[in-house]
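# Sequence first, then the predicted structure, then my questions.
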Amino acid sequence: MLFEPKVFVKRYSYQIEYFEKEPPKKGMILFYGDSGFAVWKNTPGYGPNPDLEEVITRKDGQRAAVNHGFGGSTAEEQLYYYHRAVKPWAPRVLVLQTFANDAASGYTPLEIFFLQNRLIDYARHDFPGINIYICNTLPRLSMKTQTQTRIVATGEYNELVKDYCVRHEDTRLIDEMNAPMFYKDPSHTGEIEYIREDLYIEDRVHLNVEGYKLYEKFIREQLKDEL
């Protein structure tokens, strides 16, 4: 698949350099994605959120995760930095998250999916036996004012990811879009108009402190076989 790049892939290089300042912690669960992961810690402007690396722990309380979420990254940027932000850490589990920034930058669902698949192929080659978890789109209050075109694109990407995970034994879907915690009534999971308003900060995109506390419980349940 050939297409024109839609972002300057080096715009978050300073964040990758930050990851590289410390010796890699190998054999961990590596969270690799956009700001949904990047601000899952005490971040100015986003709140004193819980720290992903402190709350995603093994049953014995030892840390189990590394957070390499960066900026408003897209799948193309995540692919570009794979050899610097993923490979040296030799993770035993990889958790991927993308889509919102990609769609806003003009990538089609198929382009996003293609770029993410290339990253997954790298990980399979470098770390035989690795388990890969793919998050579909996180519900956001901003979805309530999205165009129909964007809503359709969201559905298309989610279906591509779901089908991919069904067809590959080493990949698992983290179905964030249908997580009951994000909705006013569990019987309306996945329905945008029922997304809870009390779990997001003013930008209507990112989770607030309470949102991340619930998100932690949800993610821990999804990764229970890895902890």
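Now that the structure is in, tell me what you want to look at.
# all contacts plus neighbour counts: C-alpha atoms, from now on.
Noted.
# list the contacts for Tyr157?
Phe99, Pro109, Leu110, Ile112, Phe113, Asn136 (CA atoms under 8 Å, 6 or more residues apart in numbering).
# let's see 10 Å
The contact partners of Tyr157, taken as CA atoms under 10 Å, 6 or more residues apart in numbering, are Phe99, Ala103, Thr108, Pro109, Leu110, Glu111, Ile112, Phe113, Asn136, Thr137.
# can you dump the C-alpha coordinates of the stretch of helix or strand Leu119 belongs to into CSV?
In the assignment (DSSP states H and E), Leu119 maps to helix 109-126. Output in CSV follows, covering the C-alpha atoms of helix 109-126 (Å, rounded to 0.1, in the frame of the first residue of the first chain):
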residue,chain,number,x,y,z
PRO,A,109,-9.1,3.1,8.5
LEU,A,110,-7.3,0.7,6.1
GLU,A,111,-4.1,2.9,6.1
ILE,A,112,-4.1,2.9,9.9
PHE,A,113,-4.6,-0.9,10.0
PHE,A,114,-1.9,-1.5,7.4
LEU,A,115,0.7,0.6,9.4
GLN,A,116,-0.2,-1.1,12.6
ASN,A,117,0.1,-4.5,11.0
ARG,A,118,3.6,-3.7,9.8
LEU,A,119,4.6,-2.9,13.4
ILE,A,120,3.0,-6.2,14.6
ASP,A,121,5.0,-8.1,12.0
TYR,A,122,8.2,-6.5,13.3
ALA,A,123,7.4,-7.6,16.8
ARG,A,124,6.6,-11.2,15.8
HIS,A,125,9.8,-11.4,13.9
ASP,A,126,11.9,-9.9,16.7
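# ok so, going back, neighbour-wise, which of the contacts of Tyr157 leads?
When the contacts of Tyr157 are compared by neighbour count (other CA atoms under 10 Å), Phe99 ends up highest, at 27 neighbours.
# now, which of the contacts of Tyr157 sits nearest Thr171?
Of all the contacts of Tyr157, Asn136 has the smallest distance to Thr171: 12.6 Å, by CA to CA.
# I'd say that closest one and Gly190 touch.
No - if you go by CA atoms under 10 Å, Asn136 and Gly190 don't touch, sitting 11.6 Å apart.
# what's the distance between the residue of the chain positioned farthest from its centre and Ser73?
What lies farthest from the middle of the chain is Asp60; by CA atoms, centre = their mean that is 25.4 Å. Asp60 is 33 Å from Ser73, where distance means CA to CA, to the nearest Å.
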